[in-house]
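In: Sequence first, then the predicted structure, then my questions.
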Amino acid sequence: MVDLAHLPPAPLLSVPQKATSETPLRRISTIEDDTRDGGASGSDASKRAAAEQILLAWSASPSSSLYWKGMASSGDPPILAGAQNAWDMLSDEQSQKHITTGSGDLNNILGGGIHCKEVTEIGGVPGVGKTQLGIQLAINVQIPVEYGGLGGKAVYIDTEGSFMVERVYQIAEGCISDILEHFPHSHEKSSSGQKQLRPEHFLADIYYFRICSYTEQIAAINYLEKFLAEHKDVRIVIIDSVTFHFRQDFDDLALRTRVLSGLSLKLMKIAKAYKLAVVLLNQVTTKFTEGSFQLTLALGDSWSHSCTNRVILYWNGNERYAHLDKSPSLPVASVPYAVTGKGIRDAVTGKGLRDAVSSNHKRVRVT
Ligand SMILES: Nc1ncnc2c1ncn2[C@@H]1O[C@H](COP(=O)(O)OP(=O)(O)OP(=O)(O)O)[C@@H](O)[C@H]1O
């Protein structure tokens, strides 16, 4: 068996790429491509053996002594060290800022935006705007604190190769122009603000990982904790998409379910420990129920327990809609939204960040 604390490091992933403005007009080359050019080491058999080790480690159950040994030696605090009281938790929750989606309407149904310390799954059909929303969140998390944002950084884990830096640059420009429109005077006064509000700075604060197989994805998530410990200003981790390689390459479905539950538990733990938002983009598939085929999120019902909030993006005629499908404290609701040249905005008014930045919504209880 494999000790969790001694998992093989992920050499391909040790140096994330930054989405710098030096390469705004081409897709960032992949880490795997770079390594391949230099000649990948190790045979297929040794790669398979390493993958099996990682899978075994993921499938270690909480009842296994190895699991607890791994936790203890990783420096985590003892689980039963003490309880937090509910009043402190409420104050903590109310003081949390949310990451604006770019659409005021979408923020409203989410109780203010994407929540830190939680895992949010966003699913939908191809072309509906999942990647656009992922990129928008990677930019919006960086809105400086003096403009109502979190002033954080983003990790973007791209499994599909759909992260286009020229589009990221456009969305950053859109975000900046909305901020300047909404806060014209504060920007004139703030010299630090003038320095921060440049698209190249927004791009430079996105740590980009290109993932080309499920074993790389598992290794990346294992490596994430170490990376986040060294980059404490990261406030969002986006995986686009979380299911792509698992749907393509994984034959043993029972093992896939076990591996994915381990992966989602790890992501939940990371979200809480580092007070950041984890956003999992997911694809949809068709499922035969009650005599007809219906669209459902990929990986089935077992995966559906793995996130705190779920948003489904869909088409209604020519209009894009977002449906809050699962939340521990908010009612189910749907709103239209738009993908514009500037990024995600409200469907009707085209407004978004302007309202979204000043949004002060809190969660409301379902009545
Ligand atoms: N500059 C732009 N201006 C307006 N709309 C745009 C722009 N760039 C992209 N879009 C819209 O975004 C859509 C693509 O969205 P996106 O790549 O997020 O889809 P997706 O849901 O991630 O799909 P997939 O599952 O295939 O990755 C395009 O079809 C287009 O309608």
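Out: Structure's in. What do you need?
In: What are the boundaries of the helices in the stretch 101-250 of the chain?
Out: Secondary structure of the stretch 101-250 of the chain, counting by DSSP state H, counting those that start in this stretch: helices at 104-109, 130-140, 165-182, 184-189, 191-196, 199-204, 214-230, 244-249.
In: which of the ones you listed sits most buried?
Out: Compared across the helices of the stretch 101-250 of the chain, helix 130-140 shows the largest average neighbour count, a mean of 27 (mean count of other Cβ atoms under 10 Å). Every residue, glycine included, has its C-beta placed from N, CA and C.
In: the inter-axis angle of the helix or strand that contains residue 270 versus helix 214-230?
Out: Element membership of residue 270 [criterion: DSSP states H and E] is helix 253-273. Calculated by axes from the mean of the first three to the mean of the last three Cα atoms, to 10 degrees, helix 253-273 forms an angle of 10 degrees with helix 214-230.
In: Mind listing what's buried along helix 253-273?
Out: In terms of neighbour count (16 or more other Cβ atoms under 10 Å), helix 253-273 has its buried residues at 256-264, 266-268, 270-271.
In: and of these, the nearest to the ligand?
Out: Checking those against the ligand by Cβ to the nearest ligand atom gives residue 260 as the nearest, at 18.6 Å.
In: Wait, that closest one touches residue 246, no?
Out: Yes. Counting by Cβ atoms under 8 Å, residue 260 does reach residue 246; the two are 6.5 Å apart.
In: if we can go back for a sec, now for the helix holding residue 270, which elements pack on it?
Out: Packed against helix 253-273, as judged by 3 or more Cβ pairs under 8 Å, 6 or more residues apart in numbering; DSSP states H and E, are the following elements: helix 44-59, strand 119-124, helix 214-230, strand 234-240, helix 244-249, strand 277-282, helix 300-303.
In: hmm, the fifth one touching the ligand?
Out: This points to helix 244-249. No. Using Cβ under 6 Å from any ligand atom, helix 244-249 stays clear of the ligand, with a minimum separation of 8.9 Å.
In: elements contacting that helix?
Out: For helix 244-249, the packing partners by 3+ Cβ pairs under 8 Å, 6+ apart come out as helix 214-230, helix 253-273.
In: Export the ones you listed to CSV and append columns for mean pLDDT and distance to residue 196.
Out: Shown next, in CSV, are the helices and strands packed on helix 244-249 (pLDDT from 0 to 100; distance: least, Cβ to Cβ, whole Å):
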stretch, mean pLDDT, distance to residue 196
helix 214-230, 94, 22
helix 253-273, 89, 26
